[in-house]
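*Asks:* Okay, structure incoming, though there's no sequence with it:
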């Protein structure tokens, strides 16, 4: 039985994480912390959750003794808590971006803060199991990937060596839960309903993470033009990825074969023949994807779908915990959340 | 007063067209035909329409005497009716694809039928006012553009000379009304709601029309990789267009300036600074668009939104009629439908 | 040409009102005021509106000279502005609840404030044209009805004399725009989407207004049990009304006849045979309704639909203005907004 | 290990049932039959299901040997298959209405067919565990309740003795999956989206079932005026129930106490203080409800929510199976489906 706590448990990712851990046979939840809901019951804040528990204020004391702590603070607020927890002997899965980038200066450029812990930045492991499983197993800090990078990287890892120098177009469409639980004009029902739009049309922060990991996988820099769009749905991200193959065309079936071979042993990546839809993966930890060669245009298209709150956040966080503690990678992750 | 009829008036485009013509100060509706609803009142079939009228069966007699006839038949079924009407002296706006392609053989490749009227194919004018206004004014047959091509062409016409040889990525997202009114598994509420997916991932028929018109505008062939997706909304298309500029980057503001200059006299194209959303154009005949330079990736992104049933079909059809009959181009088209 | 101003023009009702007045052939908009958007252009705050104009801070000076002023302030904040405007010689349509109740003490009970202007309360006319047309024509202050009372009263006025002493059940379902534009947890997309619930399950404030007007129409007190529910749609209210007929059953057709006779001259009430849906009235000023006798249960059911922002607010406000100034009652109100 | 088969497994209830049984630790699925999808894989027809299996044509041979068979045929088509199965020694949970009504002649009145098996009609047990648990345990045929009756009965069983002679108003709002998987104009996305309406405004078939079971529970006839409405959501039913208490008012808290006491031992009924929303129960087998006394109107209001496909159909069917075979009542029913 692993003792786990969640710091910042009352956002959308916190709620899903609470749900998964509560149903996980090898986990005992120790502490759930919150800034706004101290003293309130879980079922009061999230009436759809049938989980016992009361939110407490964060303090090192409150979570100490947890073997693993999930940190769900916003970017810029997580890094110091993560550092404190690690130094107190906890292993940490950080769902913020605070340890995802390898180059400390990048935090200034992309997130607007100077990172005080270059040492931990270099120690942290990027928590994409399909790529860093072995490193995750031994990590003290796992930097859980962003939702967009997860879908995009799973869609390109098998073919990084095939992408020509013009790089990649990443056209992503996300449900509203990705924007977080704080009410804003942008997330007002009447703003989103029957609507659709692009946002952060150039330079969305996740670009940094995508570029870093794609370059590491490819062994060379690949340009990424990333455009997120806001779908009138609660959950899910579909990314349509476009690239030109370096070595020329080879037919859709050959590309599919490549993907099937690459992912054949993966528990949570499903290569399919048809164009996958959000409904096939929402509320699960699966990524489903397919590939098409557009012969006339000389372009390869990849379609990936994930649930932004599960494989794109809390599900993958638990997958990482499973790896860190030697549990079956899918423990607690086969039921819908 | 122009006498107008609609052949095939009980699909979604027919309903919107009926609504526009009913509110058009210079038009008198003569005949509305239908295959499935002969003898039924308009308000019975479309309770939200407050239009007098009863659907009749199509015959040349039933519509003869109309100065203009709008044909809303499916592809492959329209061409013979169009031919018959033109030969009987009516001017026709054809909302099907049956006269959009210039090369008769293309109908076999893309639509699976042998076109019997090469003469009329070569006579027909592609009904995109922003490009063929003068020709439309004199046309007997206007081939009203497809919904996807409309949004895509308006987004690229100002920059066709700037697109490099790698061509264009067209990532489009459409509301469900674009799939027509016939109930299918794909348009069942429970299939679409809270969902999102790509379809016709390679080789959607509208590619032919896009390629033809882009080549004509550019004076050279430009590859197009087009991917439509199905949004859980009733109406609207957002197209995200990607290309690499031949002559290098020049900054977003310069691109915006190019678009503003190109469209400054256009009544229905609005160049805006922000990324436009569907809600800004649905139920109107406007196309709204903006452009962004993604410097890091060397890519230019264009975002266009239209209502697929208005500027993408029936509104544009009326715009074409206005041009054909010397009316103000926006007559009947400033109110919401 | 009537000169009109809107005080508090940047809520949802303000936006719809701006749109209607902008398209109204007999109105010139003088001033639009806002608390949060002073100095911003209309098209910036509401990109779907193609209306010229800049929001100004409210002051008597800023609106003086307007023949009519529409006040769209929240309950409790409107009454003093209304008083000030009337005393300065403007006629006012107040979209808040501040002059709807006839008994000054009711404001304390239902709205929590002591009304300082009993004189104006008794002068104000309840702005339901179907009932108070003559009084509205002469009014200085028109208290524009609430959205729920509008749909409910139109559904019961023809039969007030038939309702037995057990009173009326009012089961209403409203779109989210009725909750206003301020972002809250309740109006977050992810709270509303794919969801449905009752709220203010007992004692919603509109009950007071319904009870007052139903009693005035019936000449006796009639108990009302009102329950509002929140629909995952932008706009529209459907109210299902239940009562037992005093004099016994007479068959659905006889009830329909009663309604048709009562409303035969009304420009904006449509009695229909089928059960009306929201889509038939949203974006219009129409109320559509039907009636059914449930013989087995001894109950009569009435179904009414309106657009909460149009007939339930801004459209009706303009209808009242039309009556006040001797214009055709439907001036500016036949187009979709 | 119980061997189970599903006859008619490719509708929405069949899909949910397949999902539940596949995840049920004590069940082995033997045969899934379908009329339209013979030979197709489950995952092909329902890509969101990760269940092995191929649909077969129905024959007694194909399912014989199953200890329990779930019949998901339409009303009128199920009764003969049920009879055949029972006579072959299977126990049956019938999800159609074919054995719900106790009076054989009622099938003619409400469903339009003459029931050939009065013997089995009188033997069948109405499968509402909260009321007939003991009888279900021994039943050969369990007539699984309709979705609307389930929510309504759970909302009224604790208070049947308190309802006055005017009876009950049942105002229900259901998601679209309740209308089944066959595409029709009514279930087309564009008909439902952003819309809301009543249907079967008087005399919906479920009224018979509600009336029968309410009378049996109360020991007297109680009039029911039932009105279903169609919500623009996939799943869930909220029913708002109104009645006048025979013995007068006693305050909301006392009513809540009554409900809590009645349901305290029930595994799937949750009495809550707040007004429950669909999102709290969809994809689960729970019914959540609350009660309010509207003192001013002399009315008691009950709000119940269920998932129409789970507690309103397939979940309750499995709950019945669990009872029939002596398994824990919640076996296989605590995970989301």
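*Replies:* Perfect, thanks for sending it. The shown structure was predicted, so the numbers you read here are calculated from the model rather than taken from an experiment. Numbering: from 1, shown residues only, chains lettered A, B, ... in the order given.
*Asks:* Helices of the stretch 151-300 of chain A, residue ranges please.
*Replies:* All helices of the stretch 151-300 of chain A, identified by DSSP state H, counting those that start in this stretch, fall at A:189-192, A:206-218, A:252-263.
*Asks:* deepest of these, which one?
*Replies:* Each of these was scored by mean neighbour count; the highest is helix A:189-192, a mean of 24, by mean count of other CB atoms under 10 Å in any protein chain shown. Bear in mind the C-beta positions are built from the backbone N, C-alpha and C, glycine included.
*Asks:* does any part of it sit near chain C?
*Replies:* Yes. Using CB under 8 Å from any CB of the partner chain, helix A:189-192 reaches chain C at A:189, A:190, A:191, A:192.
*Asks:* which among those residues gets closest to residue D:156?
*Replies:* Residue D:156 has its nearest neighbour among these in residue A:189, at 32.3 Å by CB to CB.
*Asks:* got the residues of chain A near chain C?
*Replies:* Residues of chain A lying close to chain C by CB under 8 Å from any CB are A:12, A:176-177, A:181, A:183-185, A:187-194, A:232-234.
*Asks:* give me the residue from the stretch 151-300 of chain A nearest chain C.
*Replies:* Nearest to chain C, among the residues of the stretch 151-300 of chain A, is residue A:183, at 3.8 Å (CB to the nearest CB).
*Asks:* which residues touch that residue?
*Replies:* Shown in contact with residue A:183 (CB atoms under 8 Å, 6 or more residues apart in numbering or on different chains): C:183, C:184, C:185, C:187, C:188.
*Asks:* How many neighbouring residues does residue A:265 have?
*Replies:* If you count neighbours by other CB atoms under 10 Å in any protein chain shown, residue A:265 ends up with 8.
*Asks:* burial measure for residue A:300, as a count.
*Replies:* Here the number of neighbours of residue A:300 (other CB under 10 Å) works out to 23.
*Asks:* touching chain D at all, stretch A:238-257?
*Replies:* No. Under the criterion of CB under 8 Å from any CB, stretch A:238-257 makes no contact with chain D; the nearest approach is 14.1 Å.
*Asks:* Next, the buried residues of that stretch.
*Replies:* Buried residues in stretch A:238-257, counted by 16 or more other CB atoms under 10 Å in any protein chain shown: A:238, A:239, A:240, A:241, A:242, A:243, A:244, A:245, A:252, A:255, A:256.
*Asks:* Give me the domain ranges for chain A.
*Replies:* For chain A, automatic domain parsing gives the domain ranges A:2-145+A:312-324, A:148-308.
*Asks:* if we can go back for a sec, the helices of the stretch 151-300 of chain A into CSV, with extra columns for distance to residue C:4?
*Replies:* Shown next, in CSV, are those (distance: least, CB to CB, whole Å):
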stretch, distance to residue C:4
helix A:189-192, 25
helix A:206-218, 48
helix A:252-263, 62
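*Asks:* now those helices in a markdown table, with mean pLDDT and distance to chain B?
*Replies:* Listed next are the helices of the stretch 151-300 of chain A as a markdown table, based on pLDDT from 0 to 100; distance: least, CB to the nearest CB, whole Å:
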| stretch | mean pLDDT | distance to chain B |
| --- | --- | --- |
| helix A:189-192 | 98 | 8 |
| helix A:206-218 | 98 | 8 |
| helix A:252-263 | 98 | 8 |
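*Asks:* right, so of these, which gets closest to residue D:301?
*Replies:* Closest of these to residue D:301 is helix A:189-192, at 25.2 Å (criterion: CB to CB).
*Asks:* now that closest one, how far from the chain's geometric center?
*Replies:* 25 Å (CA atoms, centre = their mean, to the nearest Å).
*Asks:* Likewise for stretch A:108-118?
*Replies:* Worked out by CA atoms, centre = their mean, stretch A:108-118 lies 20 Å from the chain centre.
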